[in-house]
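> everything below, folded, please.
(chains A and B)
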Protein chains: 2
Amino acid sequence: MSRMCISFLMCLLIAGSVHAQEDANMKDTFFVIHSRKSVRNFTDAPVSKIDLDKIVRAGMAAPSAVNMQPWSFVVVTDRKKLDELAAGLPYAKMLFKAGAAIIVCTEPEKAYDQNKDLAVIDASLAGENILLAIEALGLGGVWTAAYPYEDRMKHARTVLRIPQKVIPLNVIPLGVPTGVDKPKDKYKKEKIHWEKW
Amino acid sequence: MSRMCISFLMCLLIAGSVHAQEDANMKDTFFVIHSRKSVRNFTDAPVSKIDLDKIVRAGMAAPSAVNMQPWSFVVVTDRKKLDELAAGLPYAKMLFKAGAAIIVCTEPEKAYDQNKDLAVIDASLAGENILLAIEALGLGGVWTAAYPYEDRMKHARTVLRIPQKVIPLNVIPLGVPTGVDKPKDKYKKEKIHWEKW
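Next up is the predicted model:
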């Protein structure tokens, strides 16, 4: 084989490996949207602060009414606090095994027109970005509702010292998935109305 | 150059072009989350039914409380209907230029516990998936609120024959962006509370 051929072969191998690396970090949006699932089973592995920052950053990229961004986020990694949260939240017991939790909060006073509905919607969009970011990083998470349940909001406020005027919308336990939770196909043609209801 | 070299060269070119095609259809999730913007300026180009179906399908992949999926979607491409919608919606005048509109609806009776708040949150998550899907396809759209404004909901219900028990949450005009609308960097460190508020 000539030297030129060997050079080409090496180029091909290098190009291939660079591409493979790019692809490993890159997750197609439609793929992530459709592979996102509610993950309730975690290994004991922690979640890095770098990943948590990326996830919350994705949350803040959501749109909000008149760009008021009424949201805020409490990020918990402390084992004791995660357990305290779990103890008072009947539907968030997976916190006992989660590496972290993100509590998406919203403040009606900071929303457009000080409207509570808009505050809740804005923070919900941030919450969905967070769920997709978790999936995109190969982690898993699940939205457990705090709002509109007074007892759950009260517990989250107490454990995390969240002010009374701030609504803890949800508690998202997250971590490294064990792999048992799978996405559902929820496509239903009858939910689409073309041109009119 | 030997024949073998020429073969290698051809392989390299083919491999490169296949990769380029894959990359063109593939949009990294974090990239899309951060490049999504409210697009209010559209060219006259239409939006294909194939793309609209992909977008609504992404909406239905959102999570919902106890997987009740209380959402539904009205997809409008008819010029006359888009103009009729625009005429009665003061903050959705971009419908006059949009190639299509998606109205995300929700039905409290179908939500978990027949809870209106949960119905609105569930459909909001579907709405965010829709906005991201629009961006991922190289299209543009913007969330214009119908809920919680009675006059706007009434207009959408009248034009699209949406039943009274169904809430038209928003009207999302979409189309091919002219390119003038740009994403905003909304990262604010002070919105993240580590371990407690």
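> give the rounded mean pLDDT of stretch A:176-192.
Stretch A:176-192 comes out with an average pLDDT of 98.
> give me the contacts around it.
A:34-43, A:45, A:47, A:99, A:138-140, B:53, B:56-57, B:60-61, B:67, B:69, B:71-73, B:75 (Cβ atoms under 8 Å, 6 or more residues apart in numbering or on different chains). Every residue, glycine included, has its C-beta placed from N, CA and C.
> take those residues and keep only those in strands.
Counting by DSSP state E, those place A:140, B:71, B:72, B:73, B:75 in strands.
> name the member of the residues you listed with the most neighbours.
Scoring these on neighbours with other Cβ atoms under 10 Å in any protein chain shown, the highest-scoring entry is residue B:71 at 29 neighbours.
> could you dump the ones in strands among the contacts of stretch A:176-192 into CSV with pLDDT added?
Supplementary listing: these in CSV, determined by pLDDT from 0 to 100:
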residue, pLDDT
A:140, 98
B:71, 98
B:72, 98
B:73, 98
B:75, 98
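> I'd like to know which of the contacts of stretch A:176-192 are buried.
Burial by neighbour count, 16 or more other Cβ atoms under 10 Å in any protein chain shown: within the contacts of stretch A:176-192 this picks out A:34, A:36-42, A:47, A:99, A:139-140, B:56-57, B:60-61, B:69, B:71-73, B:75.
> show me where chain A has its strands.
Using DSSP E, strands in chain A cover A:71-76, A:100-106, A:140-141, A:144-145, A:167-168, A:170-175, A:192-194.
> can you show me the helices along chain A?
Counting by DSSP state H, chain A forms helices over residues A:3-25, A:29-35, A:49-59, A:79-88, A:116-136, A:150-160, given from the N-terminal end onward.
> circling back to that earlier point, okay, the strands of chain A, which one's buried deepest?
strand A:140-141 (a mean of 29; mean count of other Cβ atoms under 10 Å in any protein chain shown).
> and that strand with chain B, contact?
No - Strand A:140-141 does not reach chain B (Cβ under 8 Å from any Cβ of the partner chain); its nearest approach is 10.0 Å.
> same check on stretch A:36-51?
Yes - contact of stretch A:36-51 with chain B is found when judged by Cβ under 8 Å from any Cβ, involving A:36, A:38.
> which residues does that stretch contact?
When contacts are taken as Cβ under 8 Å, 6+ apart, the neighbours of stretch A:36-51 outside the stretch itself are A:77, A:94, A:97-100, A:131-132, A:135, A:137, A:139-143, A:173-178, A:180-184, B:61, B:63.
> any idea how far residue A:41 is from residue A:178?
Using Cβ to Cβ, to the nearest Å, we find residue A:41 at a distance of 4 Å from residue A:178.
> could you do residue A:193 as well?
39 Å.
> contact partners for the closest residue to residue A:164 other than its chain neighbours?
Setting aside the residues directly before and after it, residue A:164 is nearest to residue A:157 in space (Cβ to Cβ, 6 or more residues apart in numbering or on different chains), at 6.9 Å. Going by Cβ under 8 Å, 6+ apart, residue A:157 touches A:163, A:164, A:166, A:168.
> now residue A:60. Nearest residue, chain neighbours left out?
residue B:186 is the one closest to residue A:60 (Cβ to Cβ, 6+ apart), at 5.0 Å.
> re the thing from before, can you redo the helices of chain A as a markdown table with distance to residue B:109 and mean pLDDT?
Formatted as a markdown table, the entries for the helices of chain A read as follows, by distance: least, Cβ to Cβ, whole Å; pLDDT from 0 to 100:
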| stretch | distance to residue B:109 | mean pLDDT |
| --- | --- | --- |
| helix A:3-25 | 44 | 51 |
| helix A:29-35 | 27 | 98 |
| helix A:49-59 | 30 | 98 |
| helix A:79-88 | 30 | 98 |
| helix A:116-136 | 18 | 98 |
| helix A:150-160 | 23 | 98 |
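> to residue B:84, which of these lies closest?
The closest approach between residue B:84 and any of those, judged by Cβ to Cβ, belongs to helix A:116-136 at 25.1 Å.
> so is the closest one next to chain B?
Yes - using Cβ under 8 Å from any Cβ, a contact is recorded between helix A:116-136 and chain B, made by A:117-118, A:120-121, A:124-125, A:127-129, A:131-133, A:135-136.
> what's the angle between that helix and strand B:167-175?
Interaxial angle, helix A:116-136 versus strand B:167-175 (axes from the mean of the first three to the mean of the last three Cα atoms, to 10 degrees): 60 degrees.
> so how far is helix A:116-136 from its chain's centroid?
A distance of 8 Å separates the C-alpha centroid of helix A:116-136 from that of its chain, computed with Cα atoms, centre = their mean, to the nearest Å.
> thinking again about what came up before, point out the most buried one among the helices of chain A.
Of all the helices of chain A, helix A:116-136 carries the top mean neighbour count, a mean of 26, counting by mean count of other Cβ under 10 Å.
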